[in-house]
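Engineer: here is a sequence together with a model predicted from it:
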Amino acid sequence: MSLPVNLKAIIFDMDGVIVDSEPIHVEAFRIFLNQLNVSYTDKFIDNLVGYSIDHNIQTINDMYLTNNPLEISEGVNARDRIYLELINQRELEPLEGLIELIEFCQKKGVRVALASSSVREQVDVILANLTQNGNYPLNFKDIFSISVSGDEVAEKKPAPDLYRTALSMLGEKKENCLAIEDSEAGILSAKSNNLFCIALKNEYFSMSRLKKADIIVDSLSEIISVLDR
């Protein structure tokens, strides 16, 4: 699939693209599983990254709690309380190259949007944290033309709903938009909407799990070079 010739909008994932929150998700899951007295492996934890919390609670049930499974919504709420506590204890920073990429988009008249499987509360807390705690030239609460969260659609990534909704809210043709993702689930969601997808390398995902993206890059700064060409 070719890079959009008449690029009108870039749709960003949040976790692992806007902010390096994956390690915090991992820490939250470790605390959560420790509270459940579950004996887990590092590989199991790493494989949770990039998927919705609903999906991950079901995975935990299937793997460790077959005799006494958690009610999904209760498990999600318990894990998310831990995650938000950790977020509020930290001063988050935007991923390296993000500010330059957004400023490049603003200069070129390319709209920026957000499509995250995280729930609205988490999206808002993270964007507020980035705005309040950093000395950056952007107000992260206001820079996105539209944003859609996982609790605002029927199904989260890898289902197509988030990107379908984002495109509808933008009012742009899919051939004039692209997505930036760092997970297999996100890539599948973007590609199911026939979006050009750039994958950002992430320590949690092997190259084989990013192979369905149209381009794989090492950094957000590299995307500027790709678009500038």
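Structural biologist: In hand now; what should we look at? Owing to the predicted nature of the structure, the values given are computational and were not obtained by experimental measurement.
Engineer: so what's the nearest residue to T59 once chain neighbours are set aside up against?
Structural biologist: Excluding the flanking residues, the one nearest T59 by Cβ to Cβ, 6 or more residues apart in numbering is L48, at 6.7 Å. (C-beta placed from N, C-alpha, C; glycine too.) With contact taken as Cβ atoms under 8 Å, 6 or more residues apart in numbering, L48 is in contact with H25, V26, F29, N56, T59.
Engineer: point out where this protein drops to low pLDDT.
Structural biologist: Along the chain, segments meeting pLDDT under 70 span 134.
Engineer: show me where it has helices.
Structural biologist: Along the chain, counting by DSSP state H, helices occupy 22-35, 42-46, 53-64, 72-88, 98-108, 120-133, 161-170, 184-191, 220-228.
Engineer: quick one: list the elements packing against the fourth one.
Structural biologist: When contacts are defined as 3 or more Cβ pairs under 8 Å, 6 or more residues apart in numbering; DSSP states H and E, helix 72-88 sits against helix 22-35, helix 53-64, helix 120-133.
Engineer: from the chain's centroid, how far away is that helix?
Structural biologist: 17 Å (Cα atoms, centre = their mean, to the nearest Å).
Engineer: now do it: everything it contacts.
Structural biologist: 21, 24-25, 27-29, 31-32, 35, 53-54, 56-58, 60-61, 119, 121-122, 125-126, 129.
Engineer: can you rerun that using 7 Å?
Structural biologist: By Cβ atoms under 7 Å, 6 or more residues apart in numbering, the surrounding residues in contact with helix 72-88 are 24-25, 27-29, 31-32, 53-54, 57-58, 122, 125-126, 129.
Engineer: ok, the closest residue to S147 other than its chain neighbours - contacts?
Structural biologist: Nearest residue to S147 in three dimensions, chain neighbours excluded: L114, at 3.8 Å (Cβ to Cβ, 6+ apart). By Cβ under 7 Å, 6+ apart, the contact set of L114 is F12, M14, F144, S147.
Engineer: highest neighbour count among those?
Structural biologist: Top of the contacts of L114 by neighbour number is F12, holding 25 neighbours under the definition other Cβ atoms under 10 Å.
Engineer: quick one, what contacts that one?
Structural biologist: So F12 contacts I18, V112, A113, L114, I180 (Cβ under 7 Å, 6+ apart).
Engineer: hmm, try it at 6 Å
Structural biologist: I18, L114, I180 (Cβ atoms under 6 Å, 6 or more residues apart in numbering).
Engineer: show only the entries of those found in strands.
Structural biologist: L114, I180 (DSSP state E).
Engineer: which residue ranges make up each domain of the protein?
Structural biologist: Under automatic domain parsing, the residue ranges defining each domain of the chain are 9-20+94-228, 23-88.
Engineer: start to end distance for the shortest one?
Structural biologist: The separation between the terminal residues of domain 23-88, taken as Cα to Cα, to the nearest Å, is 14 Å.
Engineer: can you offset everything so residue one is 9?
Structural biologist: All set: I'll call the first residue 9, so the last point we hit is now domain 31-96.
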